[in-house]
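In: Predicted model and sequence follow; I will ask about them next.
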Amino acid sequence: CLATLIIMLVGDTYTLINYVSFINYLCYGVTIIGLIVLRWKKPKIFRPIKVNLLIPITYLAFWAFLLIFSLYSEPIVCGVGLIIILTGVPVFFLGVYWRNKPKCVNRLIEAMTCWGQKLCFVVYPQCGSAEEE
């Protein structure tokens, strides 16, 4: 979010759309790869919708062509898109991976979550830790 705000202040909206579209297509392809891997490694799990594997494999072929063409034609845009994705790695390590955080860090994360919920109207805010209940 912070990287997007900085890009919006420095660049134009068209550039931001290019960065985000590359990120979206990258995530779509990784999701389809995950679908194929799960179908191969765990064929017995419940799937409410089961699709012939020819469809995701065909999609991946087109996806790979478009991604390679994007990397070849606009490497800077793709590189900035990857940097935008990588800005989330420290957030993941601070918020999810680090299990034994000090209480002040937990309170800060909780306050930021509650503030974000109020700002975006996405979830009814439940401020206050679960320990208090």
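Out: All right, it came through fine. Residues are numbered from 1 along each chain as shown.

In: Please make it C-alpha for all contacts and neighbour counts, starting now.
Out: Will do.

In: how close does residue 74 sit to residue 29?
Out: For residue 74, the distance to residue 29 under the criterion CA to CA, to the nearest Å works out to 19 Å.

In: The two - which one has more neighbours?
Out: Neighbours around residue 74 and residue 29, counted as other CA atoms under 10 Å, are more numerous at residue 29. The numbers are 19 against 12.

In: Would you mind giving both backbone torsions of that one?
Out: The phi and psi values for residue 29, taken as degrees, to the nearest 10, are phi -60, psi -40.

In: swap in residue 50?
Out: Its backbone dihedrals place residue 50 at phi -120, psi 130, with angles given as degrees, to the nearest 10.

In: where in this protein is pLDDT low?
Out: Along the chain, the parts satisfying pLDDT under 70 run over 3-4, 7-8, 10-11, 124-133.

In: Apply 50 and report the result again.
Out: Judged against pLDDT under 50, the low-scoring parts of the chain cover residues 132-133.

In: for it, what spans make up the helices?
Out: Listed in chain order, the helices found in the chain under DSSP state H are 2-10, 13-41, 54-73, 75-86, 88-92, 103-120.

In: Now do the last one: distance to the chain's middle.
Out: In terms of CA atoms, centre = their mean, to the nearest Å, the centre of helix 103-120 is found 20 Å from the chain centre.

In: With stretch 40-53 instead?
Out: Taking CA atoms, centre = their mean, one finds the center of stretch 40-53 at 24 Å from the center of the full chain.

In: what's the answer for stretch 105-125, then?
Out: With CA atoms, centre = their mean as the basis, stretch 105-125 stands 19 Å off its chain's centre.

In: So for that stretch, what gets flagged as buried?
Out: Applying a neighbour-count criterion of 16 or more other CA atoms under 10 Å, one finds 110, 114, 117 buried in stretch 105-125.

In: For residue 9, state which of these is nearest.
Out: Compare each of the buried residues of stretch 105-125 with residue 9 using CA to CA and the shortest gap goes to residue 117, at 23.7 Å.

In: gap between residue 122 and residue 68?
Out: 36 Å.

In: Turn the helices of the chain into TSV, including distance to residue 47.
Out: Conversion of the helices of the chain to TSV gives the following (distance: least, CA to CA, whole Å):
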stretch	distance to residue 47
helix 2-10	36
helix 13-41	10
helix 54-73	15
helix 75-86	29
helix 88-92	29
helix 103-120	32
